[in-house]
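A.B. asks: All I have is the shape, not the residue letters:
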């Protein structure tokens, strides 16, 4: 039995062609697996390794190194609030306190009672000039206020319209993904 769907495994197998080295596809592959499962299980990491033809230990090492990958369940919507210096000076601590109160948790290891939300304080998301800022559902939100947080939570608690019924053999459109930053050489 597989942890990941055939569709996601196929997307993962296509990733190495987009990179100069197949190992470079590990992070986007883990992101796809986590997006589908909610967190990374040992089975999902093994399937990623097999799909990319890489050592499972390498894949697990990447997953455990980066804080955006989760090995335990998290909320469906996870607030990644930057608390680095620029954001802290412009009110990130108050934003974190408000997120915590608004979703009903006392710490970052908890998931809201409805299972929808969790949060994490992160070091830097690379937009200091727009502090305080955060990432939520693959989108970046800048110049945060408590009102912005409340609006984002309300939007995500609202029932979403039902997906259209698909004809037999018809596939759903792929969700657009946030572009990845390239690291500078050197």
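C.D. replies: Received, thanks. All values derive from a computational prediction rather than experimental measurement. Numbers count the residues shown, from 1 in each chain.

A.B. asks: what distance separates the start and the end of stretch 31-49?
C.D. replies: Stretch 31-49 stretches 13 Å from its first residue to its last (CA to CA, to the nearest Å).

A.B. asks: buried sites along that stretch?
C.D. replies: 31-34, 37-38, 40-41, 44-49 (16 or more other CB atoms under 10 Å). Every C-beta, even on glycine, is put in place using the N, C-alpha and C of the backbone.

A.B. asks: again with stretch 68-76
C.D. replies: Taking 16+ other CB under 10 Å as the criterion, stretch 68-76 shows 69, 70, 74, 75 as buried.

A.B. asks: Tell me how far residue 101 lies from residue 75.
C.D. replies: In this view, residue 101 and residue 75 are 15 Å apart by CB to CB, to the nearest Å.

A.B. asks: whoops, residue 27 was the one
C.D. replies: From residue 27 to residue 75 the distance is 21 Å (CB to CB).

A.B. asks: and this structure, what are its domains?
C.D. replies: Here the domain parsing of the chain from automatic domain parsing is 6-65, 77-157.

A.B. asks: Just send the buried residues of stretch 31-49 back as CSV, with distance to residue 127 too.
C.D. replies: Below are those laid out as CSV (distance: CB to CB, whole Å):
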residue, distance to residue 127
31, 20
32, 24
33, 27
34, 22
37, 28
38, 26
40, 26
41, 32
44, 30
45, 30
46, 35
47, 33
48, 29
49, 33
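
A.B. asks: Nothing else from me, thank you.
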